[in-house]
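Chemist: pasting the sequence and the predicted coordinates here, then a few questions.
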Amino acid sequence: WEAAEEEVDGVRLSGNIKNKESIQEPRFDYYNHKTPDIDLSECEFPHVIEIYDFPQEFRTEDLLRVFCSYQKKGFDIKWVDDTHALGVFSSPITARDALSIKHTMVKIRPLSQATRAAKAKARAYAEFLQPAKERPETSAALARRLVISALGVRSKQSKTEREAELKKLQEARERKRLEAKQREDIWEGRGQSVI
C-alpha cells in the first residue's frame, strides 16, 4: 500500500492510491434530469390544435367567439390551463383551415408543436377528443304526437302545418338515405374520385 498526499481546497489529505482508483461515477445524474418529451405525430390528432398565449381572464365563450365561423361545422374547447386550450374540430381539414386564423389576442399551432402539458392532456383524454360533430337537425313532431295521444286531446295544429312537418320529415329521411348511399358507394369504389 502506497500512501499518497493530495491537496483539496487548501487541505492536505493523505490516503491510499488504490482508494483513489476505486471512486465511482454516479449512476444517475439528478441535477441534469430532463423529463422525456411526449412525442405526438401529426397523424395522431390531426383534428386538434393548441390555442395559447391568450389572457388569463378569457373564458370558454371568448374562445368560442374567436372560432365562431366553425361552430356550425363542429368545434369544441378543452382547457389545459389558464392560458392554453385544445381546439377540437370536426375534421383535420377544418383544423388545418383554422390554423390560418390571425387573431390579436390568441395564438394557435398544431398539436404536434404544442406544449408538453397540452400533449399530455391530449393523450390522457383521447376518448374525449373525438372529432366534434354538429348536432343533427331535430323536429318536435314525434314528441308532440306522443304527448297528444297520451293526454287524449286533439291537436291544435292546422292541416297545412301537419303537412309541412310531414314533408320536412320525409325530406330528412331522403337526405339520410342519400348520404348512406354515397358512403356505401365510396367504400365500394363507385363514388367519384376526390382530388
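Modeler: It's in.
Chemist: buried residues in the helix or strand containing Glu179?
Modeler: In the assignment (DSSP states H and E), Glu179 maps to helix 159-188. Across helix 159-188, burial judged by 16 or more other CB atoms under 10 Å covers Glu165. Just so you know, the C-beta spots here come from the backbone N, C-alpha and C atoms, and that holds for glycine as well.
Chemist: who are the packing partners of that helix?
Modeler: Applying 3 or more CB pairs under 8 Å, 6 or more residues apart in numbering; DSSP states H and E, we find helix 159-188 packed against helix 141-151.
Chemist: all helices of this structure, in order?
Modeler: In the chain, the segments counted as helices under DSSP state H are 17-21, 60-66, 92-98, 116-124, 141-151, 159-188.
Chemist: any chance of those in a markdown table, plus distance to Asp82 and mean pLDDT?
Modeler: Converted to a markdown table, the helices of the chain look like this (distance: least, CB to CB, whole Å; pLDDT from 0 to 100):
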| stretch | distance to Asp82 | mean pLDDT |
| --- | --- | --- |
| helix 17-21 | 54 | 52 |
| helix 60-66 | 12 | 90 |
| helix 92-98 | 21 | 87 |
| helix 116-124 | 11 | 86 |
| helix 141-151 | 42 | 83 |
| helix 159-188 | 41 | 85 |
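Chemist: how about those in TSV, adding distance to Val106?
Modeler: Converted to TSV, the helices of the chain look like this (distance: least, CB to CB, whole Å):
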stretch	distance to Val106
helix 17-21	61
helix 60-66	5
helix 92-98	11
helix 116-124	14
helix 141-151	40
helix 159-188	34
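Chemist: that older thread, starting at the chain centroid, how far to the helix holding Glu179?
Modeler: Centroid separation for helix 159-188 versus its chain: 31 Å, with CA atoms, centre = their mean, to the nearest Å.
Chemist: repeat that for stretch 152-171.
Modeler: For stretch 152-171, the distance to the chain centre is 41 Å (CA atoms, centre = their mean).
Chemist: contact partners of it?
Modeler: With contacts defined as CB atoms under 8 Å, 6 or more residues apart in numbering, stretch 152-171 is touched by Ser139, Ala141, Arg144, Ile148.
Chemist: looking at the helices of the chain, which is closest to Lys78?
Modeler: Evaluated with CB to CB, the helices of the chain place helix 116-124 nearest to Lys78, the distance being 7.0 Å.
Chemist: helices or strands up against the closest one?
Modeler: strand 48-52, strand 75-81, strand 84-89.
Chemist: adjacent strands (with direction) for the longest one?
Modeler: Neighbouring strands of strand 75-81 in its sheet, by DSSP bridges, are strand 84-89 (antiparallel).
Chemist: now the angle from the strand it pairs with to helix 116-124?
Modeler: 40 degrees (axes from the mean of the first three to the mean of the last three CA atoms, to 10 degrees).
Chemist: what about Lys72, neighbour count?
Modeler: 10 (other CB atoms under 10 Å).
Chemist: before we move on, back to that, quick one: the helix holding Glu179 to helix 141-151, angle?
Modeler: Between helix 159-188 and helix 141-151, the angle comes out at 130 degrees (the same axes, to 10 degrees).
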